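Engineer: Below are the sequence and a predicted model for it; my questions follow.
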Amino acid sequence: MISNAIRSSVRRAVLCGVAALALCGPALAQDAKGRTYIYASQLQGHPYLLDSLLGMDYAQSKFGVTVERLGPQGWDPVAGAEAVEQAIARKPDGIITTLWEPGAVPGIRRAMEQGIPVIVIEAVTPDNGGALTFIGLDNYAAGEDTAKELIKRGGDSGKLVVSGNWGASNTDAKLKGLTDYLAANSKWEIVGRVDDKATTSTAIDAAKTMFNTYPDLTAVVGLDSSSGSGICLAAEELEKDISGLTVIVHDREDAVLECINDGVIDATIINKTALQAYLAVEMLEAYNDKKVGLADVPISDDNKAAGVNPFPAAVYMGTEVIDQENVKHFMRASLPKF
């Protein structure tokens, strides 16, 4: 059962449009000496971002920089793109952003043209606006990893329903990896998909619809951060025992971790989100620091004049699996503060 504290936190986030989790949490340090970077993106208040923000806090403590946040609390592509434009106007030492969709691509291109380095984390579109690099999951491979975990825990056949935020670049890539791997390596039948909009309240309603529409399903996969919370909370509200289903989800919201601890969710596939955020700051520091000289690695006699990007095209994190055996190490109360 979900604890009252977790349930209250989830409901509080829903009622506040999820903004409370960012606005009511500890502020990022504003007195750090050194360079200033801006994390400009939408979904600033989504609980999924808590681990990325933890990585940025850690980077601040290590490098003596300031990482400011700018952008809408929820899913708002227009405001997310505007946040990048606003960040450019403030002329920071670098910008970190996320491309769940391509709205911010023109802004990224303008920033790079003006000499402001940009790194994309978490999700990327085919055109990244000329950003220095992408740091995050190979989301297609993450979908394959999800399929492997499903087969490992649920066998090589059954009826599956998939929940996700369709239209988001990373979720769509995960779905493609999942379906391709299952088609080639199993007899799993995907009988339905539900759209949870990566929002807890919608995810709960979507999961209720899923349970009522597909009574003979044998497994559920959730591909975004809210999917697992929605699946578990919907089952609890419906008083439905889903312990006989194979349930594989993504990411590590508090409700998901507690449901794993209780044996309701079998496992969750996670990105190393704190690491991707930390590496983004570290790479911007290396780019800006002439002592480190990453921008001047001798790929050519003059990288800028030659049009050479001195960064790798992408840095992939790889996935990790949380289940009952290791979930205690991922509980938010156990994580360090910076």
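Structural biologist: Here it is on my side, so go on. Numbering: from 1, shown residues only.
Engineer: which secondary structure element contains Trp188?
Structural biologist: strand 187-195 (DSSP states H and E).
Engineer: residues making contact with that strand?
Structural biologist: 150-151, 156-166, 179, 182, 202, 206-207, 209-210, 213-214, 217, 219 (CB atoms under 8 Å, 6 or more residues apart in numbering). C-betas here are computed from N, CA, C, even on glycine.
Engineer: Likewise for stretch 268-276?
Structural biologist: Against stretch 268-276 from outside (CB under 8 Å, 6+ apart): 48-49, 51-52, 54-55, 58, 121-122, 135-137, 142, 145-146, 149, 228, 248-252, 256-257, 260, 315, 317-323, 330.
Engineer: low pLDDT regions in the protein?
Structural biologist: Along the chain, the model assigns pLDDT under 70 to residues 1-33.
Engineer: which residues in it form strands?
Structural biologist: Using DSSP state E, the strands of the chain run over 36-40, 66-70, 94-97, 118-121, 133-136, 157-164, 187-195, 219-222, 246-250, 267-271, 314-316, 319-322.
Engineer: Same list, the ones you listed, but as TSV with distance to Val297 and mean neighbour count please.
Structural biologist: Formatted as TSV, the strands of the chain follow (distance: least, CB to CB, whole Å; neighbours: other CB atoms under 10 Å):
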stretch	distance to Val297	mean neighbour count
strand 36-40	21	25
strand 66-70	25	20
strand 94-97	18	28
strand 118-121	17	27
strand 133-136	13	25
strand 157-164	39	22
strand 187-195	44	16
strand 219-222	41	28
strand 246-250	35	28
strand 267-271	27	25
strand 314-316	15	16
strand 319-322	29	19
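Engineer: Save those strands as JSON lines, and put in distance to Glu237 too.
Structural biologist: Compiled in JSON lines, those are given as follows (distance: least, CB to CB, whole Å):
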{"stretch": "strand 36-40", "distance to Glu237": "34"}
{"stretch": "strand 66-70", "distance to Glu237": "33"}
{"stretch": "strand 94-97", "distance to Glu237": "36"}
{"stretch": "strand 118-121", "distance to Glu237": "34"}
{"stretch": "strand 133-136", "distance to Glu237": "33"}
{"stretch": "strand 157-164", "distance to Glu237": "16"}
{"stretch": "strand 187-195", "distance to Glu237": "16"}
{"stretch": "strand 219-222", "distance to Glu237": "16"}
{"stretch": "strand 246-250", "distance to Glu237": "16"}
{"stretch": "strand 267-271", "distance to Glu237": "20"}
{"stretch": "strand 314-316", "distance to Glu237": "37"}
{"stretch": "strand 319-322", "distance to Glu237": "24"}
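Engineer: So His46 versus Thr209, what's the distance?
Structural biologist: 22 Å (CB to CB, to the nearest Å).
Engineer: who has more neighbours, the two?
Structural biologist: Neighbour totals were compared for His46 and Thr209, and His46 leads with 24 against 14 (other CB atoms under 10 Å).
Engineer: Surely the more buried one and Lys197 touch.
Structural biologist: No. Between His46 and Lys197 there is no contact under CB atoms under 8 Å: 11.1 Å.
Engineer: between these two, what contacts are shared?
Structural biologist: In terms of CB under 8 Å, 6+ apart, His46 and Lys197 are both contacted by the residues Ser226.
Engineer: Just the C-alphas of stretch 195-203, formatted as CSV.
Structural biologist: Coordinates of the C-alpha atoms in stretch 195-203 are reproduced here as CSV (Å, rounded to 0.1, in the frame of the first residue of the first chain):
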residue,chain,number,x,y,z
ASP,A,195,-1.6,7.9,-23.3
ASP,A,196,-0.8,9.2,-19.8
LYS,A,197,0.7,12.6,-20.8
ALA,A,198,3.5,12.2,-18.3
THR,A,199,1.2,13.7,-15.6
THR,A,200,0.2,11.7,-12.5
SER,A,201,-3.5,12.6,-12.5
THR,A,202,-3.8,11.6,-16.2
ALA,A,203,-1.7,8.5,-15.7
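Engineer: Now find how far off-centre it is within its chain.
Structural biologist: Here the centre of stretch 195-203 is set off from its chain's centre by 15 Å, with CA atoms, centre = their mean, to the nearest Å.
Engineer: try stretch 280-289
Structural biologist: The answer for stretch 280-289 is 21 Å, by CA atoms, centre = their mean.
Engineer: Distance check, Asp205 against Lys197.
Structural biologist: From Asp205 across to Lys197, the span is 10 Å (CB to CB).
Engineer: Lys291 too?
Structural biologist: Distance, Lys291 to Lys197, by CB to CB: 46 Å.
Engineer: ok, the two, which is more surrounded?
Structural biologist: Looking at Lys291 and Lys197 with other CB under 10 Å, you find the greater number of neighbours at Lys197, namely 20 against 5.
Engineer: any chance you could map the helices in the protein?
Structural biologist: 4-15, 19-23, 50-63, 77-89, 105-113, 139-154, 169-185, 200-213, 225-238, 254-261, 273-288, 303-306 (DSSP state H).
Engineer: tell me which residues of the longest one are tucked away?
Structural biologist: Within helix 169-185, the residues that count as buried by 16 or more other CB atoms under 10 Å are 169-175, 177-179, 181-182.
Engineer: Thanks a lot, see you next time.
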